[in-house]
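Q: Show me the folded form of this:
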Amino acid sequence: KFLVMAVDYFTKWIEVEPLATITAANVQKFVWKNIITRCTPQSSTKETPFRLAYGTDAMIPIEVGKPSFRRTHFHEESNDGAIRAELDIVDKVREKSQVIAEACNQRMTRRFNSKIKPRSFQEGDLVWRSTGSARRSSTEGKLAANWDGPFRVRHTLNNGYYKLEELSGKIIPRTWNSTHLKTYYS
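A: Sure, this is the predicted structure:
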């Protein structure tokens, strides 16, 4: 029913979002999502998304109305040269931010992997087996059991794979990874 629109008159870039009602909270979300988050340095790249895309720092709306350091020390005659110099180094900035993003990704992976506890089972252990969506009964719907079992570990293979058998001794035909098994406590 309504549109919230922001226009960057320098680059002619338009951001529009449809809204059912115009409220202060909706406008605040729009400004935060489409303007503020693009003008603040991200922790993963140490640069603003605007600078990575356009090669120059964005001017936030508050800087337009009130004097800031950048506006008071602006010289129009040297602006063209400064913009050209910034555009020359934008590739170096992008490469640097890519290296920082990869390092951040490695830190997150290391932190995630440090909290993972590997599941290992011995031959003869009793385990539950995950019930995948293909093996679930469609008549039970979302209340169907998530785990089948118990099963006995018949043989241990490499890399967390196991061959299972039912308690009656019937062999389960395929191998199962430890991510789809959990310990059965009797």
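Q: Output the below-cut-off pLDDT ranges for this protein.
A: By pLDDT under 70, the weakly predicted segments of the chain are 37-39, 60-64, 134.
Q: how about a cut-off of 50?
A: Within the chain, no range satisfies pLDDT under 50.
Q: can you map out the strands along it?
A: 2-8, 13-19, 126-130, 147-156, 161-166, 171-177, 181-183 (DSSP state E).
Q: Partner strands of the fifth one, with direction?
A: According to DSSP bridges, strand 161-166 has the following sheet partners: strand 147-156 (antiparallel), strand 171-177 (antiparallel).
Q: now the third one
A: Using DSSP bridges, the strands paired with strand 126-130 in its sheet are strand 147-156 (antiparallel), strand 181-183 (antiparallel).
Q: so can I have JSON lines of the strands of the chain showing mean neighbour count and distance to Lys92?
A: In short, each C-beta sits where N, CA and C put it, glycine included. JSON lines is the format used below for those (neighbours: other Cβ atoms under 10 Å; distance: least, Cβ to Cβ, whole Å):
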{"stretch": "strand 2-8", "mean neighbour count": "12", "distance to Lys92": "25"}
{"stretch": "strand 13-19", "mean neighbour count": "12", "distance to Lys92": "24"}
{"stretch": "strand 126-130", "mean neighbour count": "18", "distance to Lys92": "49"}
{"stretch": "strand 147-156", "mean neighbour count": "16", "distance to Lys92": "52"}
{"stretch": "strand 161-166", "mean neighbour count": "18", "distance to Lys92": "47"}
{"stretch": "strand 171-177", "mean neighbour count": "12", "distance to Lys92": "44"}
{"stretch": "strand 181-183", "mean neighbour count": "16", "distance to Lys92": "50"}
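Q: Now tabulate these in JSON lines and tack on distance to Ser114.
A: Below are those laid out as JSON lines (distance: least, Cβ to Cβ, whole Å):
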{"stretch": "strand 2-8", "distance to Ser114": "42"}
{"stretch": "strand 13-19", "distance to Ser114": "40"}
{"stretch": "strand 126-130", "distance to Ser114": "24"}
{"stretch": "strand 147-156", "distance to Ser114": "25"}
{"stretch": "strand 161-166", "distance to Ser114": "24"}
{"stretch": "strand 171-177", "distance to Ser114": "21"}
{"stretch": "strand 181-183", "distance to Ser114": "21"}
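Q: Quick one: closest of those to Asp57.
A: For Asp57, the closest of the strands of the chain is strand 2-8, at 13.0 Å, according to Cβ to Cβ.
Q: contacting residues around the closest one?
A: The contact list for strand 2-8, computed with Cβ atoms under 8 Å, 6 or more residues apart in numbering, reads 13-22, 26-27, 30-31, 34-35.
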